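> from the sequence below, what's the structure:
(2 chains)
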Amino acid sequence: MTPNASSLYQYSVERLGPPLRLMADTIQEVARRSSALWGGIMLCIIFSTSLLFPLFYEVDPLAQDLLARFLPPVWLEGGSRSHLLGTDNLGRDVLARILYGSRISLSVGFSAVLLGEFVGIILGLVSGYYGGKLDSLIMRTADIFMAYPFMLLTISVIAVLGNSMFNLILVLGISDWVIYARTIRGSVLSLKEKEFVEAARAAGTRNLPIITRHILPNVISPLLVLGTLRVANIIIWESGLSFLGMGVPPPAPSWGRMLADGRLYISDAWWLVTLPGLAIMLTILSINLLGDGLRDALDPRLRNVSN
Amino acid sequence: MFRYLLKRLWHTVYVVIGISAISFFFIHLSGDPVMLMLPGDASMQEVEHLRQKLGFNDPLYVQYWRFISKAVRGDFGESLYYHVPAMELILERLPASLELSFAAMFLALLVAVPIGIISAVYRGSALDMGSMLAALFGLSMPHFWLGIMFIMIFSVKLGWLPTSGRGTPAQLIMPAVALALGLMAMFARLTRSVMLEVLSLDYIRTARAKGLREFFVIGKHALKNALIPLVTVAGMQFGLLIGGTVIIETVFAWPGVGRLVVQAIFNRDYPLVQSIVLILALIFVAVNLLVDILYIYLDPRISYLEDE
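Numbering: from 1, shown residues only, chains lettered A, B, ... in the order given. Here you go, the predicted structure:
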């Protein structure tokens, strides 16, 4: 008997350990939705370009060339092959700056979400599992954070700490913990009444192993969904802060700063304000597509949460 | 119902206290305003004297208490930079921000709710797919970039609308639309998913079985329940919107609170930043309280449940 491709796939999936099998199943489930598949593919392309661009595009994003200022993109009259997407007011290469900017946006976006999730997971687990005074303290603090004007919080903290990539990640990450903590707390509240948790408790398992081994794995999927969608929001915020001059400090070319600089030359050089914005939009769009797909595949209940 | 209201009010009080404490201590970490107020060659003695005079040498909790006890009487201190009461500056700028937020919110709901309903009723149709795709794009564009694009197209290229400022309706159009599009996308998606959920419930089938016309089933029976999550989210977004106009106000030189706060932060104008954050948070909390009160009418179950 010759196994065909699909049964071979089934066979190899069944041979995997449970965590890997779950991952393979999830990927299969997500990939079944064409929009999610497109989002995933686009994001992969964006990621690998961001990582590998020095291999095929070796233009220095900071190199100024005052003789080649305001060159339009190559397909327009006066465009130059050495600057595919044109140059800015100091003759710096726009494509190189956009490519470099993707590193800033993606690393801030993903690191901030990881940090926020880390804080949110711990507080949410503690709050939901132990309940009582600790729970109400954490949840009351969450209420206060929710009411604090988020944009102002990040702006004022950045103004205090000074703007650096590290501070940006710290501020955006930590101010985002509430959403994760609330989601996790909700899941934990219902999970801890489930039989398998009762059984573990009856068998004499301590609290910590119950939390890490029985409860945590069950809250991973809502976290994954929420986290993906939050990355999109964080990247938009990061570009907004950069736009206000509170992002990653110059000369590093972030997308928001490119927009702020280009705005001054809006009537002469449309590409300076259009292209970095398109880069933001494409990135956010692919993350949103993937996030929507993940949500539908993993946790339809989350449909009304966020976005 | 009274217990429910009391609970909500208590919630409001501790949130306000918490917010004022956070913003107070935060701002105080941000450096020494005395240095900014005096000329660069001021002697240590002069610095010390001014500090003493303004009360910056007192322990933080004394300063916080002083701030709070004045604040409840409506006195938010004096701006270190403009040398006028902070409250005066805020009241001067607040109408502009409120106007912009109201316009954006109104526009967003006006367009999004009908689109969401139609998309849910004609699920899977070309109209549904098209509007949801548009919504996805709407969610993916930073509003300040949209604003810049609008300026480039409608002001610079076509010359139809003024680039900045406030006063005429024409000046309101671009910032309001730029702010509204993201909200529109969010509300359209929310309305659609809530309507889909509601339309599958039993009481809708009953209403249809009674022979009610589809228009009433959707417009009256279904919409009433779909409104609950929509009102919650809209209330929350409105509160966030007033603080979130910071960037769009910068783009369009809109003379609102958002621009004021950015300048205040750069000037290290402690009392002004404190007051703005507090006022915006108060508005947010008040809007949410209003939504909670609205629930009593929209969803009587909530207040009954809490009373038990």
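
> burial check on residue 275, number of neighbours?
The chain I'm using is chain A. Counted by other C-beta atoms under 10 Å in any protein chain shown, the residues lying close to residue A:275 total 21. For every residue, glycine as well, the C-beta is placed using N, CA and C.

> my bad, the chain I had in mind was chain B
The criterion is other C-beta under 10 Å. On that basis, residue B:275 has 25 neighbouring residues.

> these two touch, right, it and residue B:77?
Yes - distance between residue B:275 and residue B:77: 6.9 Å, which falls inside the contact criterion (C-beta atoms under 8 Å).

> which residues do the two both contact?
By C-beta atoms under 8 Å, 6 or more residues apart in numbering or on different chains, residue B:275 and residue B:77 have these common neighbours: residue B:86.

> list the contacts for whichever residue of the stretch 1-150 of chain B sits closest to chain A?
In the stretch 1-150 of chain B, no residue comes nearer to chain A than residue B:18, which is 3.4 Å away by C-beta to the nearest C-beta. With contacts taken as C-beta under 8 Å, 6+ apart, residue B:18 has the following neighbours: A:140-141, A:143-144.

> again, only using 7 Å
If a contact means C-beta atoms under 7 Å, 6 or more residues apart in numbering or on different chains, then residue B:18 has residue A:144 as its contacts.

> okay, and it sits in which element?
Mapping residue B:18 onto the secondary structure by DSSP states H and E places it in helix B:2-29.

> pull out the buried residues from that helix.
Going by neighbour count (16 or more other C-beta atoms under 10 Å in any protein chain shown), the buried part of helix B:2-29 is B:4, B:8, B:11-12, B:15-16, B:18-20, B:22-24, B:26-28.

> one more: stretch B:169-188?
Going by neighbour count (16+ other C-beta under 10 Å), the buried part of stretch B:169-188 is B:171-188.

> just the CA trace of it, in PDB.
Extracted in PDB, the C-alpha atoms of stretch B:169-188 (Å, rounded to 0.1, in the frame of the first residue of the first chain):
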ATOM      1  CA  PRO B 169     -17.400  74.000   8.900                       C
ATOM      2  CA  ALA B 170     -15.000  73.400   6.000                       C
ATOM      3  CA  GLN B 171     -12.100  73.300   8.400                       C
ATOM      4  CA  LEU B 172     -13.800  70.600  10.500                       C
ATOM      5  CA  ILE B 173     -14.400  68.200   7.600                       C
ATOM      6  CA  MET B 174     -11.000  66.700   7.100                       C
ATOM      7  CA  PRO B 175      -9.900  66.200  10.800                       C
ATOM      8  CA  ALA B 176     -13.400  64.700  11.600                       C
ATOM      9  CA  VAL B 177     -13.400  62.300   8.700                       C
ATOM     10  CA  ALA B 178      -9.800  61.200   9.300                       C
ATOM     11  CA  LEU B 179     -10.700  60.500  13.000                       C
ATOM     12  CA  ALA B 180     -14.000  58.900  12.100                       C
ATOM     13  CA  LEU B 181     -12.900  56.300   9.500                       C
ATOM     14  CA  GLY B 182     -11.100  54.000  12.000                       C
ATOM     15  CA  LEU B 183     -14.100  54.200  14.400                       C
ATOM     16  CA  MET B 184     -16.500  53.600  11.500                       C
ATOM     17  CA  ALA B 185     -14.600  50.400  10.600                       C
ATOM     18  CA  MET B 186     -14.700  49.200  14.200                       C
ATOM     19  CA  PHE B 187     -18.400  50.000  14.700                       C
ATOM     20  CA  ALA B 188     -19.400  48.400  11.400                       C
END
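
> how about that stretch and chain A, touching?
Yes - counting by C-beta under 7 Å from any C-beta of the partner chain, chain A has neighbours in stretch B:169-188: residue B:186.

> if we can go back for a sec, lowest-confidence entry in the buried residues of helix B:2-29?
In terms of pLDDT, the weakest of those is residue B:27, which scores 66.

> neighbours of whichever residue of the stretch 101-250 of chain A sits closest to chain B, how many?
Among the residues of the stretch 101-250 of chain A, residue A:149 lies closest to chain B, at 3.0 Å counting by C-beta to the nearest C-beta. Number of residues near residue A:149 (other C-beta under 10 Å) recorded here: 28.

> quick check: it touching residue B:280?
Yes - taking C-beta atoms under 7 Å as the definition, residue A:149 is a contact partner of residue B:280 at 4.8 Å.

> list of residues touching stretch B:282-293?
The contact list for stretch B:282-293, computed with C-beta under 7 Å, 6+ apart, reads A:147, A:149, B:8, B:12, B:15-16, B:231-232, B:235-236, B:238-239, B:242.

> would a markdown table of those residues with distance to residue A:199 be doable?
Converted to a markdown table, those look like this (distance: C-beta to C-beta, whole Å):
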| residue | distance to residue A:199 |
| --- | --- |
| A:147 | 40 |
| A:149 | 46 |
| B:8 | 40 |
| B:12 | 42 |
| B:15 | 40 |
| B:16 | 45 |
| B:231 | 42 |
| B:232 | 37 |
| B:235 | 43 |
| B:236 | 40 |
| B:238 | 47 |
| B:239 | 44 |
| B:242 | 50 |
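
> ok, which pair from these is furthest apart?
Looking at these by C-beta to C-beta, the two members farthest from one another are B:16 and B:231, with 22.1 Å of separation.

> for residue 58, the count of nearby residues, please.
Just going to use chain A. The burial count assigned to residue A:58 is 8, neighbours taken as other C-beta under 10 Å.

> that was the other one, I meant chain B.
By other C-beta under 10 Å, the residues close to residue B:58 number 14.

> could you say which helix or strand holds it?
Residue-wise, residue B:58 maps onto no helix or strand under DSSP H and E.

> near chain A, which residues of the stretch 1-150 of chain B are found?
So the stretch 1-150 of chain B meets chain A at B:11, B:14-15, B:18-19, B:22, B:26-27, B:29-30, B:136-137, B:139-142, B:144-145, B:148-149 (C-beta under 7 Å from any C-beta).

> surely residue A:39 touches residue A:283?
No - Residue A:39 is not in contact with residue A:283 according to C-beta under 7 Å; the separation is 10.7 Å.

> residue numbers of the stretch 51-200 of chain A in contact with chain B?
The interface of the stretch 51-200 of chain A toward chain B, taken as C-beta under 7 Å from any C-beta, is made up of A:140, A:143-144, A:147-152, A:155-157, A:159-160.

> pull out the buried residues from the helix or strand harbouring residue B:106.
In the assignment (DSSP H and E), residue B:106 maps to helix B:86-121. Neighbour-count burial for helix B:86-121 flags B:86-87, B:89-90, B:93-94, B:96-101, B:103-105, B:107-109, B:111-113, B:115-121 (criterion: 16+ other C-beta under 10 Å).

> contacts for stretch B:240-253 next, please.
When contacts are taken as C-beta under 7 Å, 6+ apart, the neighbours of stretch B:240-253 outside the stretch itself are A:149-152, A:240, A:243-244, B:97-98, B:100-101, B:104-105, B:143-144, B:147-148, B:164-165, B:174-175, B:178-179, B:254, B:256, B:258-259, B:261-262, B:280, B:283.

> alright, that wraps it up for me.
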